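Colleague: Quick one, structure for this:
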Amino acid sequence: MSGERYQVVIVGAGLVGAAAALALGRQGLRVALVERQPPAQPDDAWDTRIYAISPASQRFLERMQAWQRMDAARLQPVFRMDVMGDTSGAIRLDAYEAGVSHLATIVESGRLQHALWQALQADGNVALHCPAVIASIERGESRTRLALADGTQLETELLVGADGATSRIRDWAGLGSTLTPYGQSGVVANFECERPHRGTAFQWFFDHDILAWLPLGGPGGNQMSMVWSTPAARADELVALDGAALAESVRAAGHDTLGALRLLTPAAAFPLRLNRVDAVVAPGVALIGDAAHGVHPLSGQGVNLGFGDAEALVEVLAAYRKSHCGDLRVLQRYARMRAEPVQRMQALTHGLHHLFVNEQAGWLRNTGMAWLNRMPPLKAALVREAMA
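Modeller: So this is what the prediction gives:
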């Protein structure tokens, strides 16, 4: 098979790429999705990659009938979030107080990925090239040509890079990025807890660390997922601990909030970095998801920003479906729609990181948290901003 022509070819079938392909296919555009390997079939084991999906992202996934394909028993709404400083500072964000049903829903990456893949296959609107490896990319006058390793030739008006933080499409298009390492790693693991979490997420800010506990679904309501942002050397020490020692360290750091812990999944660590991309579009090219931006995970908003990218790109391409999808004037509309939300979240998380991991700012962060907790209207506004 050769010379297949599409309006949009998306490279990368992670959560954001798969969602964008599914939504564009639903709009009647000719779409292909290129991915190295299909998602694994979920089993009973807990996934160490956990996401807090905002209500806005959930609605986007529901409209594509992907959300409904997940096991409801493994979905956990977050009804409140307790954020604590290292002394007296504390904030409680409560869905009921803010007048909303829930703050977010905790999902496992693999299960959401599988649901999106099932929806793609059921729809049949998107040409799936998987497993597939790109051998070459060549920009023509009005189209981009991709040669796959199996000999397949694809031509497209628009090439979408959804291929992650080290995006090959971004590099090929010459869209520069600035990577700022935080000198920290995020340690992730899942635990069974002695006491039920009751749909509450917990976050502690220390001098150099940020510790988050996210409630997981499942029977008993007593499983949680941990993300511990800490200097890289300390992260290596945590990962090297045996299960019992790690569980005890996490229990102590969380002030015994959920009682004794038992490790469910091995700990893993990943480096934390801010990634600012100079431009997310060029003639015939658009970036979405981690290819377009990277933020500190303390807000849990990275994947939600990506779904926002996908939704905005679909909206623009659907509105200008009679235009050439790679027309820079069309793509700049997408770039303008996403510039302010991304910049705002990057500035917020970057600023909070420096405030909360700076021991000189301890008094400020604890006093500020205590003050904010006494201001219900401000807390409600904060909740709605996070949900948007």
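Colleague: Below-threshold pLDDT in the chain: ranges please.
Modeller: 1-2, 86-89, 296-301, 345-388 (pLDDT under 70).
Colleague: Run through the neighbouring helices and strands of the longest strand seen in it.
Modeller: Secondary structure of the chain per DSSP state E: the longest strand is strand 177-193. Where contact means 3 or more CB pairs under 8 Å, 6 or more residues apart in numbering; DSSP states H and E, strand 177-193 is packed against strand 223-231, helix 232-240, helix 243-253, strand 261-263, strand 268-277. Where C-beta positions appear, they are placed from N, C-alpha and C, glycine not excepted.
Colleague: ok, and for it, which residues are buried?
Modeller: Ser177, Tyr182, Gln184, Ser185, Gly186, Val187, Val188, Ala189, Asn190, Phe191, Glu192, Cys193 (16 or more other CB atoms under 10 Å).
Colleague: Can you give me the domain boundaries for this structure?
Modeller: 4-43+109-179+274-353, 67-108+181-272+359-387 (automatic domain parsing).
Colleague: So for Ile50, which of these sits nearest?
Modeller: Closest approach to Ile50 among those is made by domain 67-108+181-272+359-387 (4.2 Å; CB to CB).
Colleague: Can you give the distance of that closest one from its chain's centre?
Modeller: 16 Å (CA atoms, centre = their mean, to the nearest Å).
Colleague: still on that earlier bit, okay, the domains of the chain in a markdown table with distance to Ile53 next?
Modeller: Shown next, in a markdown table, are those (distance: least, CB to CB, whole Å):
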| stretch | distance to Ile53 |
| --- | --- |
| domain 4-43+109-179+274-353 | 7 |
| domain 67-108+181-272+359-387 | 5 |
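Colleague: Now Ala267. Nearest residue, chain neighbours left out?
Modeller: Ala189 (4.1 Å; CB to CB, 6 or more residues apart in numbering).
Colleague: hang on, I meant Thr178
Modeller: Arg276 (4.8 Å).
Colleague: What residues are bridge-paired with the one you found?
Modeller: Beta bridges link Arg276 to Thr178, His293, judged by DSSP bridges.
Colleague: gap between it and Leu175?
Modeller: 11 Å (CB to CB, to the nearest Å).
Colleague: So between the two, which is more surrounded?
Modeller: Leu175 (21 against 16; other CB atoms under 10 Å).
Colleague: ok but that one is inside a helix, no?
Modeller: No. In this structure, Leu175 is coil, not part of a helix, as judged by DSSP: H, G, I helix; E, B strand; the rest coil.
Colleague: Chain neighbours aside, what residue packs nearest to it?
Modeller: Ala279 (5.4 Å).
Colleague: Can you verify that neighbour is assigned to a strand?
Modeller: No. Using three-state DSSP, the assignment for Ala279 is coil, not a strand.
Colleague: Now do the strands in the stretch 51-200 of the chain.
Modeller: 76-78, 80-84, 90-94, 104-108, 126-129, 134-139, 144-148, 153-161, 177-193, 200-205 (DSSP state E, counting those that start in this stretch).
Colleague: What is the neighbour count of Tyr154?
Modeller: Not quite, residue 154 is Leu, not Tyr. 25.
Colleague: Relative to Thr166, how far out is the spatially closest residue to Val277 that is not a sequence neighbour?
Modeller: Spatially, and ignoring its direct neighbours in sequence, Val277 is nearest to Ser177 (4.5 Å; CB to CB, 6+ apart). The gap separating Ser177 from Thr166 is 10 Å, by CB to CB.
Colleague: do the same with Arg69
Modeller: 29 Å.
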